[in-house]
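> Below are the sequence and a predicted model for it; my questions follow.
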Amino acid sequence: MNDIAPVPSGDTPEGTGAPELSELLHRSARGDESAFAALYDATAARVHGMVLRVIRDPSQAEEVTQEAFLEVWRTATRFDPAKGSALSWLLTIAHRRSVDRVRSAEASSRRDTTYHDKSRTVDHDATAEAATAAMEARRVRHALQALTEVQREAIQLAYFGGYTHTEVATMLDLPVGTAKTRIRDGLIRLRDAMGVSL
């Protein structure tokens, strides 16, 4: 991957007079290869870094980054600036691709160990732990419904999506402080709804 400076929160690549990422996306949607190359140069390091954090395998992360940019090229016409920034749209596509790759690897691993799992005796404690975990998951899902929509969205991105506060702020097109406040307030409401200390 190219070693490229991250795109600042203004959604404009560094450099005087550089076009905004949303403009590069619109030009890419019309088949402008040079605009797509500029979009790639401006965002590849950021996208690859996020993919690598999710996948943790450098060679697979490179593949998924390339797949994400291929999807961006093919679907650039779907970008709607009214729904968020170009960078958040790119990161969402890359994150979805990353999660798909992780799930695929996990499914493959499960298939490889199915025979072992079926032939071994399951301890009573393991069954009890699985039941407890399922009940806790239901409690958390129920408690999430007590949050406001903006708190729930911020919590899901930070804790289920694995994004940093800065990435959550970028994806929601918010100042970092506002994103942190939504996450903190959401955690407080979750704690109250579940009756536990988080």
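Sure thing, it's come through.
> pretty sure A179 contacts D173?
No. Contact between A179 and D173 fails when scored by Cβ atoms under 8 Å: they sit 9.8 Å apart. Placement of C-beta: from N, CA and C, glycine included.
> More neighbours: these two, which one.
Counting neighbours by other Cβ atoms under 10 Å for A179 and for D173 shows that A179 has the greater number, 25 against 14.
> Now do the host helix or strand of that one, average pLDDT.
Per DSSP states H and E: A179 is located in helix 176-194. The pLDDT scores in helix 176-194 average 85.
> Flag every buried residue along it.
Buried residues in helix 176-194, defined by neighbour count with 16 or more other Cβ atoms under 10 Å: A179, K180, R182, I183, D185, G186, L187, R189, L190, A193, M194.
> Domain-wise, how is this protein divided?
The chain resolves into domains spanning 1-120, 122-198 when parsed by automatic domain parsing.
> Just give me the neighbour total for D57.
The number of residues packed near D57 is 13, by other Cβ under 10 Å.
> Count the neighbours of the residue lying closest to R53 once chain neighbours are set aside for me.
Counting by Cβ to Cβ, 6 or more residues apart in numbering, the nearest residue to R53 once its immediate chain neighbours are dropped is G162, at 6.7 Å. The local packing count at G162 equals 14, with neighbours defined by other Cβ under 10 Å.
> so G162 makes contact with I55?
No. With contact defined as Cβ under 8 Å, G162 and I55 do not form a contacting pair (10.7 Å).
> how about the longest helix seen in the chain: buried residues?
Scanning the chain for the longest helix, with DSSP state H as the assignment, gives helix 86-119. For helix 86-119, burial by neighbour count (16+ other Cβ under 10 Å) applies to 86-91, 93-95, 97-99, 101-102.
> quick check: mean pLDDT across the helix or strand containing R74?
Assigned by DSSP H and E, R74 belongs to helix 58-75. Regarding helix 58-75, the rounded mean pLDDT is 95.
> can you give me how far it is from the chain middle?
Centroid separation for helix 58-75 versus its chain: 14 Å, with Cα atoms, centre = their mean, to the nearest Å.
> list the helices and strands that helix packs on?
Where contact means 3 or more Cβ pairs under 8 Å, 6 or more residues apart in numbering; DSSP states H and E, helix 58-75 is packed against helix 21-29, helix 33-55, helix 86-119.
> ok and that helix relative to helix 21-29, angle-wise?
Helix 58-75 and helix 21-29 are oriented at 70 degrees to each other (axes from the mean of the first three to the mean of the last three Cα atoms, to 10 degrees).
> contacting residues around helix 58-75?
Contact with helix 58-75 is made by 1, 25, 28, 36, 39-40, 44, 47-48, 51-52, 55, 90, 93-94, 97-98, 101, 105, as judged by Cβ atoms under 8 Å, 6 or more residues apart in numbering.
> Kindly calculate the angle that the lowest-mean-pLDDT helix or strand in the chain makes with helix 176-194.
Taking mean pLDDT, DSSP states H and E as the measure, helix 124-144 is the helix or strand of the chain with the lowest mean score, a mean of 74. Between the axes of helix 124-144 and helix 176-194, defined by the same axes, to 10 degrees, the angle is 120 degrees.
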